[in-house]
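Student: 3D model of this:
(one chain, ligands or ions: 2)
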Amino acid sequence: MVNNFLDIHPDVNTALNSGIPVVALESTVISHGLPFPQNLETALQLEKILLDEGVQPATIAIINGRLKAGLSKQELELIASPDNTPHKASRRDLAGMISHEWSGGTTVAASMIIAAMAGIRIMATGGVGGVHKHGEQTLDISADLIELGRTPVAVVCGGPKAILDLPKTLEFLETQGVPVIGYKTDTLPAFYSRESDLPVDYRVNSAEQAAHLIECQLALPDCGGLLICNPLPKADALPWEEISPKIEDAVFHAKKQGIHGKALTPFLFQHLYEHHGNQLLQANLFILKHNTQLAAMIARQFNNTHSHRT
Ligand code: PSU
Ligand code: MN
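Tutor: Ligands and ions are numbered 1, 2, ... in the order given. The predicted model follows:
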């Protein structure tokens, strides 16, 4: 779909037109989720992981009011630089950022919209947003969940972020009609931890099965997206009992300091990284790479079936 506000990077355009698989990457994790310089290094590494698999990366962001599907190195640097204080853009921010010609990182929700505008169906992220702890009082529910219910993009993630209320997040996804798929798992991965006691809706055991399930979803009317949850390998996962009190501590401090709205997610992650050392940051970097790898495999399979059909 051509849109006056959308710039598709020439390499992404070529890939889309010549049947090369494309994977979209969100960028709030670069602008707000990770400290500099690991954010920039990681963004470049994720793109390289895809290129090495024969998949074209399309990092999504907003630059000077233009919706971007695919960034140049300078544009990535702009989003990653702490000097520029880029904005955090979710669905409600798109029109304002276009009209004000602002730049920023796009959340999973905003990245899904821009990916879909460009015709990209597979995206990778670390963890999606969800229902925050105490969400029944605060109504702090990420727009990611609504977007998953309405925009046809498959999001490969490590489960909802561990800082969230996971049972409520699953309830909300059910209401939105979003299939939650476990990749080689029956239970919802909890980001840093491999397993939770919450079941996924459907399990797939290969990238091929995942691609087929995406095909089936996209064939439905007004289908919306899917969440494909990829648990960390055993050796890299952190035990939930170890993580949980650290998260409770971060949530406590957020409440005490009156942090809410779009600032909450970045605050919780910063608090975790600052107070609990390098371990969680390293795990987050690993999760992003691990999910990007799986997204590449699924995108290749998805492209195969697509090109067979047409
Ligand atoms: N996962 C991380 N760090 C992040 C995010 C995810 O490890 O910063 C970002 C994603 O872009 C996600 C967003 O879409 O946080 C959700 O923010 P909110 O809860 O305000 O909707
Ligand atoms: Mn929120």
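Student: Could you pull up the residues touching L280?
Tutor: Y192, L238, I243, K246, L272, Y273 (Cβ atoms under 8 Å, 6 or more residues apart in numbering). The way it works is simple: take the backbone N, C-alpha and C, and place the C-beta from them, glycine included.
Student: The second one: how many residues sit nearby?
Tutor: For L238, the count of nearby residues is 18 (other Cβ atoms under 10 Å).
Student: Is A61 in a helix, a strand, or coil?
Tutor: strand (DSSP: H, G, I helix; E, B strand; the rest coil).
Student: Could you find the closest non-adjacent residue to it?
Tutor: Counting by Cβ to Cβ, 6 or more residues apart in numbering, A61 lies nearest to S27, which is 4.3 Å off, once chain neighbours are set aside.
Student: repeat for K73
Tutor: That would be L44: by Cβ to Cβ, 6+ apart, it lies 7.8 Å from K73.
Student: A80 is in contact with that neighbour, correct?
Tutor: No. Using Cβ atoms under 8 Å, L44 makes no contact with A80, being 9.3 Å away.
Student: so who does the residue in the chain that ligand 1 sits nearest to touch?
Tutor: Ligand 1 sits closest to G33 of the chain, with a gap of 2.5 Å, by Cβ to the nearest ligand atom. G33 sits next to N39, G126, T265, P266, F269, N284 when contact means Cβ under 8 Å, 6+ apart.
Student: isn't I79 right up against T85?
Tutor: No. Between I79 and T85 there is no contact under Cβ under 8 Å: 11.0 Å.
Student: What residues does this protein have near ligand 1?
Tutor: Residues of the chain lying close to ligand 1 (Cβ under 6 Å from any ligand atom) are 26, 28-29, 32-33, 90, 107-108, 126-129, 142-144, 161, 262, 265, 269, 284.
Student: Try it again at 5 Å.
Tutor: The chain comes close to ligand 1 at residues 26, 28-29, 33, 107-108, 126-127, 129, 142, 144, 262, 265, as judged by Cβ under 5 Å from any ligand atom.
Student: What are the contacting residues of stretch 186-195?
Tutor: Here stretch 186-195 has contacts from 126-127, 158-162, 166, 170, 180, 182, 185, 196-200, 203, 229-232, 234, 237-240, 243, 280, 283-284, 287, using Cβ under 8 Å, 6+ apart.
Student: Now the two most distant members of the residues of the chain next to ligand 1.
Tutor: Within the residues of the chain next to ligand 1, G126 and K262 form the most distant pair, 17.1 Å apart (Cβ to Cβ).
Student: More neighbours: the two, which one.
Tutor: The residue with more neighbours, out of G126 and K262, is G126; 26 against 19, by other Cβ under 10 Å.
Student: Just give the number of residues close to T85.
Tutor: Using other Cβ under 10 Å: T85 sits among 10 other residues.
Student: Check I214 too.
Tutor: I214, neighbours per other Cβ under 10 Å, totals 28.
Student: Just confirm it contacts Q301, I think it does.
Tutor: No. When contacts are counted by Cβ under 8 Å, I214 is not listed as touching Q301 (9.1 Å).
Student: now do the same end-to-end measure for stretch 13-22.
Tutor: 10 Å (Cα to Cα, to the nearest Å).
Student: Could you check it and say which residues are buried?
Tutor: N13, A15, L16, I20, P21, V22 (16 or more other Cβ atoms under 10 Å).
Student: What average pLDDT does that stretch get?
Tutor: What stretch 13-22 shows for mean pLDDT is 96.
Student: just to revisit the earlier point, from D197, how far out is the residue nearest to A61?
Tutor: 33 Å (Cβ to Cβ, to the nearest Å).
Student: of these two, who's got more company?
Tutor: S27 (32 against 10).
Student: Stretch 42-60 spans what distance, first to last residue?
Tutor: 15 Å.
Student: Renumber starting at 787 from here on
Tutor: Will do, 787 is the new start, and the previous item becomes stretch 828-846.
Student: Now find how far off-centre it is within its chain.
Tutor: Relative to its chain's centre, stretch 828-846 lies at 14 Å (Cα atoms, centre = their mean, to the nearest Å).
Student: For this protein, give me the ranges with low pLDDT.
Tutor: 787-788, 1092-1096 (pLDDT under 70).
Student: Spell out the residue ranges of the helices in it.
Tutor: 796-803, 814, 824-838, 859-866, 880-886, 894-904, 921-924, 929-936, 952-961, 993-1004, 1026-1042, 1050-1061, 1063-1095 (DSSP state H).
Student: Minimum distance to N789: which of the ones you listed has it?
Tutor: With Cβ to Cβ as the criterion, N789 lies closest to helix 894-904 of the helices of the chain, at 5.5 Å.
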